[in-house]
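1. Compute the structure for the input listed below.
(chains A and B)
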Amino acid sequence: MPRRVAVTGVGLVTPIGVGTEETWQALLRGQSGIGSITHFDASRYTTRFAGEVKGFEPTRWMSARDAKSSMSDPFIQYAVAAGAMAMDDAGLVIDGELAERAGCFVGSGMGGVATIEATHRALLAKGPRHAFSPFFVPQIAINLAAGQLSIRFGAKGPCYSQVSACSSGAHAIGDAFRVIQRGEADVMICGGSEAVVTPLGVGGFGAMRALSTRNDAPASACRPFDLDRDGFVLAEGAGILVLEDLEHAKRRGARIHAECKGYAANADAHHITAPAAEGEGAQRCMRAALADARLDGVQIDYINAHGTSTKMNDVTETLAIKKVFGEYARKLMVSSTKSMTGHLIGAAGGVEAAFCALAVARGQVPPTINYTTPDPECDLDYVPNTAREANLRNTLTNSFGFGGTNACLIFGRPEP
Amino acid sequence: MAENIEEKVTKIVAEQFEVPAEKVTLNSLFMDDLKADSLSVVELVLAIEEAFGLEIPDEHAEKIKTVGDVVNYVKARVQ
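-> Numbers count the residues shown, from 1 in each chain, chains lettered A, B, ... in the order given. Predicted structure coming up:
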C-alpha cells in the first residue's frame, strides 16, 4: 500500500490577497482581483488589465539586499513568500534526520520573464559589458523558486521544477504526492509560482487571441461558463502547499487541512492550444485520478474547474465532466476561482489545489463570480456568484496546459 | 580627489551590501566581514565600473578583496 499524504501547510500570494486567510476570505466574498495593469504602461496593448498582486512587500520574507539581487524576480519572491507562509502554517522545522527526507517541487510556466525583459532592454541600451547582473541567470531559471525554498528551509531531498504551462503547479504537487507515497520523502514543499504580467506576457497571450479584451470592465472580464465570456485574464502569484506523510503529520500532532488522495497526468496528443474533442484527454485524466484515489465519481462533491473563461475551455471541460460523472454531474458543485483570481498560469494549479484543501477543511465552497447569462452548452451547477457552506467529502481540481498537457488532483477528508 | 574616492567607494560598498557606512573600513573583507557572496562581489565591481567610468578586467577584479583594494585600484586608474 502506498503511504497516505496530508496537506499540513498552505501559503498563498494572489491578486485577491497576500496571505492565505486574506485570499480565502476574498474568495468567499466573491471579490475580483482584476484591474488595470500598473506594472508597465499597457496603453497600447489590446488587453490593458490583469490580476496583479497588490501590496506585496518582499522584505517581509527576505532581506532588502536579497530582494534586489539573488531574489529580485517576482516569480521567486512570490514562491519564497508563499513557501514561508505554508511552512509557518504547517508549524514545521526541517532539521536533523528530516532534512534529507524533505524536498521542494515548485513549478512555473515561464520563470523570470520580467528579468529577461529588463536585461534585454539594458543589453540594447548599454551593450553586453554593462547589461548583465551576475544574478541574471539565477533569476530566470525556473528551478530557482524550488532552489531558494530548499536553501531557506534546509530541505535536502528532491528539488526541481515541473514545467507544463498552466498545469505546472498541479504537476509539481502531484509529483510531490507520489514521492511521499513511495516513501522517498516525508515532507514536500510544493506548488507553483508565476509573474508574467509583463509586456511579453500580456503581448504574447494577447497575440494568441486568448485574453479577454473587456477593458471597460476589468473586474467582470473573467466570467467562466457565462455566455458572454471572451477569453482568460492573465494573473500572477504563487500557491504553495506542505505535503506530509500522514503518519508523520499525526505523530507530531500537526493540523491536517485535507488528505491528498489521487493524482493523474496525461496528454491530449492533439494540438498545441486547443483541447481534444469532448475533452477526451481531460476525461481520461479525471477518470485516472479517481481510480488512483480509489473513489467513485459519486464520492466527489466539488470540482475546482480549470474554468479559464475562454469559449473553448469552458464548453469542453463541461462536456468532459458530464462524460466522466454521467447523471451525477448535475449534482456536483463546479466553480472556477479564476473568475476572481484570474489565470495564474503555472501557479494556477498550486493556488487551486490549495483552495480545494481549504474547501475541505472549512466546509466552504468558493463561487464562480460574474455569472449572469447561462450558456446552453455550459449547464452544470457552477456555484454562481455566492459562496456556499457544504460538508465536502472529496474535491477534484483540473489543470490543463498548452501543449495538451493535463493534471487532476483529488483532495478529501482524511477518513480513518 | 583621493579622499573623495575613498568616500565614494565606501558609500557604494555600504549601499551594495546594505551595511552601515561606519562599518565599512579600508580593511573590510567583502566576503568575510561584509557577508557578501561571490556574485555580490561581481555586482559591486560592476557598480564601481559605472561610478568611475572604468572597465575593470576580470584578472584585476579577482584580486579585489577589500574596500582598500578598490580604493587603491581606482586611484591608480584615475590618476
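
2. give me every residue that touches the residue in the stretch 1-150 of chain A that chain B sits nearest to.
-> Among all residues of the stretch 1-150 of chain A, residue A:134 sits closest to chain B, at 3.9 Å; criterion: CB to the nearest CB. (Glycine included, C-beta is placed from N, CA and C.) Neighbour list for residue A:134: B:39-40, B:42-43, B:46 [criterion: CB atoms under 8 Å, 6 or more residues apart in numbering or on different chains].

3. now do residue A:387
-> By CB under 8 Å, 6+ apart, the neighbours of residue A:387 are A:27-30, A:364-367.

4. Chain B: helices as residue ranges?
-> In chain B, the segments counted as helices under DSSP state H are B:2-17, B:38-52, B:58-61, B:67-78.

5. For the longest one, name the packing helices and strands.
-> Which is helix B:2-17. helix B:38-52, helix B:67-78 (3 or more CB pairs under 8 Å, 6 or more residues apart in numbering or on different chains; DSSP states H and E).

6. Output the shortest one as CSV - backbone C-alpha positions only.
-> Output for helix B:67-78, consisting of C-alpha atoms alone and laid out as CSV, is shown next (Å, rounded to 0.1, in the frame of the first residue of the first chain):
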residue,chain,number,x,y,z
VAL,B,67,37.5,48.2,0.3
GLY,B,68,41.1,49.3,0.4
ASP,B,69,41.8,47.2,-2.7
VAL,B,70,39.1,49.0,-4.6
VAL,B,71,40.3,52.5,-3.4
ASN,B,72,43.9,51.8,-4.4
TYR,B,73,42.8,50.3,-7.8
VAL,B,74,40.6,53.3,-8.6
LYS,B,75,43.2,55.8,-7.5
ALA,B,76,45.8,54.1,-9.7
ARG,B,77,43.4,54.0,-12.7
VAL,B,78,42.0,57.6,-12.5
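
7. Confirm residue A:334 sits in a strand?
-> Yes - the assignment for residue A:334 by DSSP: H, G, I helix; E, B strand; the rest coil puts it in a strand.

8. Can you name the residues bridging to it?
-> For residue A:334, the beta-bridge assignment (DSSP bridges) gives partners residue A:303.

9. Which residue is the nearest non-sequential neighbour of the residue nearest the centre of chain B?
-> Nearest to the geometric centre of chain B sits residue B:70, at 4.4 Å (CA atoms, centre = their mean). Take residue B:70 and drop its neighbours on the chain: the residue closest to it by CB to CB, 6 or more residues apart in numbering or on different chains is residue B:9, 5.0 Å away.

10. before we move on, back to that, now the helices of chain B as CSV including mean pLDDT?
-> Below are the helices of chain B laid out as CSV (pLDDT from 0 to 100):
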stretch, mean pLDDT
helix B:2-17, 88
helix B:38-52, 93
helix B:58-61, 92
helix B:67-78, 93
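
11. Leaving out chain neighbours, which residue sits closest to residue A:402?
-> Closest to residue A:402 by CB to CB, 6+ apart is residue A:165, at 4.3 Å.

12. The one you found and residue A:197, how far apart?
-> Separation of residue A:165 from residue A:197 (CB to CB, to the nearest Å) stands at 16 Å.

13. So between the two, which is more surrounded?
-> residue A:197 (27 against 22; other CB atoms under 10 Å in any protein chain shown).

14. Check whether the more buried one sits in a helix, strand or coil.
-> coil.

15. Hmm, it is touching residue A:236, no?
-> Yes - Residue A:197 lies in contact with residue A:236 (CB atoms under 8 Å); the separation is 5.0 Å.

16. any residues in contact with both of those two?
-> Joint contacts of residue A:197 and residue A:236 (CB under 8 Å, 6+ apart) are A:50-52.

17. out of those residues, who has the most neighbours?
-> residue A:50 (31 neighbours).

18. ok, it - contacts?
-> Counting by CB under 8 Å, 6+ apart, residue A:50 has contacts A:34-35, A:37, A:39, A:197, A:202, A:233-236, A:342.

19. pLDDT averaged over the helix or strand containing it, what's the number?
-> Counting by DSSP states H and E, the element that carries residue A:50 is strand A:49-50. The predicted model gives strand A:49-50 an average pLDDT of 98.

20. Likewise for stretch A:170-184?
-> The model assigns stretch A:170-184 a mean pLDDT of 98.

21. List the buried residues in that stretch.
-> A:170-181 (16 or more other CB atoms under 10 Å in any protein chain shown).

22. what's the closest of those residues to chain B?
-> Chain B lies nearest to residue A:172 out of the buried residues of stretch A:170-184, by CB to the nearest CB, at 26.5 Å.

23. Quick check, that closest one in contact with residue A:350.
-> Yes - under the criterion of CB under 8 Å, residue A:172 makes contact with residue A:350 at 6.9 Å.

24. which one is residue A:282 nearest to, not counting chain neighbours?
-> Per CB to CB, 6+ apart, closest to residue A:282 is residue A:320, 4.1 Å.

25. The contacts of residue A:134: which ones sit near chain A?
-> B:39-40, B:42-43, B:46 (CB under 8 Å from any CB of the partner chain).

26. So which residues on chain B come close to chain A?
-> So far as CB under 8 Å from any CB goes, chain B lies against chain A at B:17-18, B:37, B:39-40, B:42-43, B:46, B:49-50, B:55.

27. Can you give me every residue that contacts the residue nearest to residue A:402?
-> A:109, A:345-346, A:401-403, A:405.

28. State the distance from it to residue B:57.
-> From residue A:165 across to residue B:57, the span is 43 Å (CB to CB).

29. CA-only coordinates of stretch B:14-28 in PDB, if you can.
-> Extracted C-alpha coordinates of stretch B:14-28, given in PDB (Å, rounded to 0.1, in the frame of the first residue of the first chain):
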ATOM      1  CA  ALA B  14      27.700  50.300   2.000                       C
ATOM      2  CA  GLU B  15      24.700  50.600  -0.400                       C
ATOM      3  CA  GLN B  16      25.600  47.400  -2.300                       C
ATOM      4  CA  PHE B  17      26.000  45.200   0.700                       C
ATOM      5  CA  GLU B  18      23.400  47.000   2.800                       C
ATOM      6  CA  VAL B  19      25.700  47.700   5.800                       C
ATOM      7  CA  PRO B  20      26.000  50.900   7.700                       C
ATOM      8  CA  ALA B  21      28.800  53.100   6.200                       C
ATOM      9  CA  GLU B  22      30.500  53.300   9.600                       C
ATOM     10  CA  LYS B  23      31.100  49.600   9.500                       C
ATOM     11  CA  VAL B  24      32.900  49.800   6.200                       C
ATOM     12  CA  THR B  25      36.700  50.300   6.700                       C
ATOM     13  CA  LEU B  26      39.600  50.100   4.300                       C
ATOM     14  CA  ASN B  27      40.400  46.700   5.700                       C
ATOM     15  CA  SER B  28      36.900  45.300   5.400                       C
END
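
30. No further queries at this time; thank you.
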